[in-house]
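> Build me a model from this:
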Amino acid sequence: QVQLIESGGGLVQAGDSLKLSCAATGRTFSSYVMGWFRQAPGKERESVAVISRSGGATYYADSVKGRFTISTNNAQNTVYLQMSSLKLEDTAIYYCAASQAYWSIYARDYDYWGQGTQVTVSS
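I've put the predicted structure just below:
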């Protein structure tokens, strides 16, 4: 089992950058596929970025491709989401999650979730 704690959310202006962190405790961090998801009011939770156990494979939603970067620091059991050129539509609660699956970009395949961190982008 793994516990996930996100941090780094906040209120920023459109065009700004923000870096989210997700610290994992418990089972070895590298045992999981790690993902960032987000949920805006009235919308379903969607995948934003996913990284494989080795870090060698990544996935980005089309809406964030070229603007967001997912990375890990296995020594610190932390996964990051670097967000740049933020847009109003990036406003959401961002969740870090861990999956025991071989690979997945779907929320249903993720076993452990953080509590979420709010990101609000203003004009």
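> Near the residue nearest to residue 93 when sequence neighbours are not counted, how many other residues are there?
Across the structure, with CB to CB, 6 or more residues apart in numbering as the measure, the residue nearest residue 93 apart from its sequence neighbours is residue 116 (4.3 Å). For glycine as for every other residue, the C-beta is placed from the backbone atoms N, C-alpha and C. If you count neighbours by other CB atoms under 10 Å, residue 116 ends up with 18.
> Might one say that residue 116 is in contact with residue 8?
No - in this structure residue 116 lies outside contact range of residue 8 using CB atoms under 8 Å: 11.7 Å.
> check which helix or strand covers residue 38.
Here residue 38 is covered by strand 33-39, with elements defined by DSSP states H and E.
> Tell me the strands beside that strand, with direction?
Using DSSP bridges, the strands paired with strand 33-39 in its sheet are strand 46-51 (antiparallel), strand 92-99 (antiparallel).
> What residues of that strand count as buried?
By neighbour count, and taking 16 or more other CB atoms under 10 Å as the criterion, the buried residues in strand 33-39 are 33-38.
> swap in stretch 91-108?
In terms of neighbour count (16+ other CB under 10 Å), stretch 91-108 has its buried residues at 91-99, 104-105, 107.
> same deal with stretch 106-123?
Going through stretch 106-123 with 16+ other CB under 10 Å, the ones that come out buried are 107, 110, 112-114, 116-117, 119, 121.
> roughly how far out does that stretch sit from the chain middle?
For stretch 106-123, the distance between its averaged C-alpha position and the chain's averaged C-alpha position is 6 Å (CA atoms, centre = their mean, to the nearest Å).
> any idea how far residue 14 is from the residue lying farthest from the centre of the chain?
Among the C-alpha atoms of the chain, the one most distant from their mean position (CA atoms, centre = their mean) is that of residue 123, at 23.0 Å. Applying CB to CB, to the nearest Å, one obtains 5 Å for the distance of residue 123 from residue 14.
> separation between the residue nearest the centre of the chain and residue 81?
Taking CA atoms, centre = their mean, the centroid of the chain lies closest to residue 36, which sits 2.1 Å from it. Residue 36 sits 5 Å away from residue 81 when distances are taken as CB to CB.
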